[in-house]
Structures are given as structure tokens and as C-alpha cells.
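Q: Sequence and predicted structure are below.
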Amino acid sequence: MRATLRPFDLTHVQYVLLASLTWLQSEEPVTQQALAQHVRTDPMMTSQVLRALEGKGLVERRAHPDDGRARSLHVTRQGVELANRATAAVEKADRAWFAPIDHDLSAFTRDLQTLSRPR
């Protein structure tokens, strides 16, 4: 994944947060806490990564429309375009990586879901 994302100047964590925020923001304002919970990342690390994405002009923090204490996150047009291009590359890399088990991918996915359930 590192090699796939290198041309986009994104780390894997930056990509995950950017792509997730791109998807989430279409529903309602997204806070940093909500994004961290969604992708299951540490809130402090999420803050640091968002700062880097903000520095690249991919994400903006704005006043939250419903909570005066919170900031809402927004992906810029440049961020959306980059997320979409990177997602196409990531999906292509995933297809290539999982090609050897493509015949039984649904069983593999089911097994991963079983393993990820809380015990």
C-alpha cells in the first residue's frame, strides 16, 4: 500500500482518514472525534494526521454548525479529487493482492469479519 500511495504523497493513515472523511461528510458535519471513532484510530494521532492533511490543503477545519465548542472537518475540492484518484489506485492494488484467492474471496471476507467481532 505504501508504494501504491507514494505517487499521491499520502501515507496509508492519511489516505484512510481522507477517504473516510470524504465519504462521511456527505451525510452531516464530521468532528475529529467522530472520524477517529469511525476509522478506529487514536484521537491524538488522528489530530496529527489531520494537521498534515490540512497543511497539504486537503482538509479544512470550520466552525461546527450545531456545536460552538467543536470544529467540523471538510475535505477541499483538491482533497476529494485526490481521495478519488487514490481510491482507484488502492482498489486496483487490492484486486491484484487478493487475486490468488479471488475464487473464494467471499469466504475470506466472512472469516475476517468473524475475527473482527468483539469477544
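A: Cool, got the structure.
Q: Return the distance of the most centrally placed residue in the chain relative to Pro29.
A: Central residue of the chain (Cα atoms, centre = their mean): Val16, 2.5 Å from the mean position. Distance, Val16 to Pro29, by Cβ to Cβ, to the nearest Å: 20 Å. (C-beta placed from N, C-alpha, C; glycine too.)
Q: what does His12 give?
A: For His12, the distance to Pro29 (Cβ to Cβ) stands at 26 Å.
Q: next one: Asn84
A: Distance from Asn84 to Pro29, by Cβ to Cβ: 21 Å.
Q: Give me the more crowded residue out of those two.
A: Using other Cβ atoms under 10 Å as the criterion, Asn84 and Pro29 rank with Pro29 on top: 18 against 11.
Q: which SSE is the closest residue to the more buried one other than its chain neighbours in?
A: Using Cβ to Cβ, 6 or more residues apart in numbering and skipping residues adjacent in sequence, the residue nearest Pro29 is Ser72, 3.8 Å away. Following DSSP states H and E, one finds Ser72 within strand 71-75.
Q: I'd like to know which elements the next helix or strand after that strand is packed against.
A: Going down the chain from strand 71-75, the next helix or strand is helix 77-98, by DSSP H and E. For helix 77-98, the packing partners by 3 or more Cβ pairs under 8 Å, 6 or more residues apart in numbering; DSSP states H and E come out as helix 2-5, helix 12-24.
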